[in-house]
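*Asks:* predicted coordinates and the sequence they were generated for:
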Amino acid sequence: MKTTFLLKISAMFLAGVLAVSPAFALGDDNVSANKADANLVKVLVIGLSNNVNSNYFPNSMITEETGIPTDSIDYTYNQIIAKNIITSNKNKRYQFIPFEKVSEISDWVSEIKLQGDEEEEKYVDLSQIDDSSYERLLENTDTDYILFLNQHYLKWQEKPLRTLFHITSYSLYDKDQKEVARGNNYFTSMNLESKDKLSKDSRKSSSKIASSIIKSLAK
């Protein structure tokens, strides 16, 4: 009789533990999630306006060869590279975020100038950007850094082989509007590419940009 009573008590205690454990587990998951979110580094990706340039191809020819409307060439290139950077990143410590509402900061972006002696290596100059508007953008988007896609330079060469270099230069700035990193990466093609082909061909170079940015932030 005593043994039966003890077995019932044990069963009740075990049932209570099982009932409570999920609640504790859920609480632990929430704590872990909050910690993970607090440690997440968010990078806002912004492409500049009118930033597709070339030593050979005018916009009219780019449109003719690629089918991309002239008034959205820079937008299309920026979106393709930004999307590839975002999707190629597998590091959960960092998150690249696209700025979708470009029209809201069009005036702000148009004030950003490029500097550099080499045509294919030009980087942003934020000296004319108001500090408060810069800080407000980061606050409104809940991000820690801004990755600027400075320029997409289409460099055509005839010799030794007919090759088109697609060169993307980029700059990374922190909350204090200070440059953290800059660089460029490229891929090649035989001709100007359609939107879909451009997206496919630029994946590897975009992935290298993402890796480079993460290495700079991890130092």
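*Replies:* Yep, it's here.
*Asks:* return the list of strands paired to the helix or strand containing residue 95, each annotated with direction.
*Replies:* Using DSSP states H and E, residue 95 sits within strand 94-98. Here strand 94-98 has these sheet partners by DSSP bridges: strand 41-47 (parallel).
*Asks:* buried ones in the strand it pairs with?
*Replies:* For strand 41-47, a neighbour-count test (16 or more other CB atoms under 10 Å) marks 41, 43, 44, 45, 46, 47 as buried. (Glycine included, C-beta is placed from N, CA and C.)
*Asks:* model confidence over it, on average?
*Replies:* For strand 41-47, mean pLDDT is 96.
*Asks:* right, and the helix or strand after it?
*Replies:* Stepping forward along the backbone from strand 41-47, the first helix or strand reached (DSSP H and E) is strand 52-54.
*Asks:* what packs against the helix or strand just after that next one?
*Replies:* Proceeding N to C from strand 52-54, the next assigned helix or strand is helix 59-66, under DSSP H and E. Secondary-structure packing of helix 59-66 (3 or more CB pairs under 8 Å, 6 or more residues apart in numbering; DSSP states H and E): strand 52-54, helix 73-88.
*Asks:* try 10 Å
*Replies:* strand 52-54, helix 73-88, helix 195-201 (3 or more CB pairs under 10 Å, 6 or more residues apart in numbering; DSSP states H and E).
*Asks:* mean neighbour count, distance to residue 107 and mean pLDDT added to the ones you listed, as a markdown table?
*Replies:* Below are the helices and strands packed on helix 59-66 laid out as a markdown table (neighbours: other CB atoms under 10 Å; distance: least, CB to CB, whole Å; pLDDT from 0 to 100):
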| stretch | mean neighbour count | distance to residue 107 | mean pLDDT |
| --- | --- | --- | --- |
| strand 52-54 | 19 | 20 | 97 |
| helix 73-88 | 20 | 16 | 97 |
| helix 195-201 | 15 | 27 | 97 |
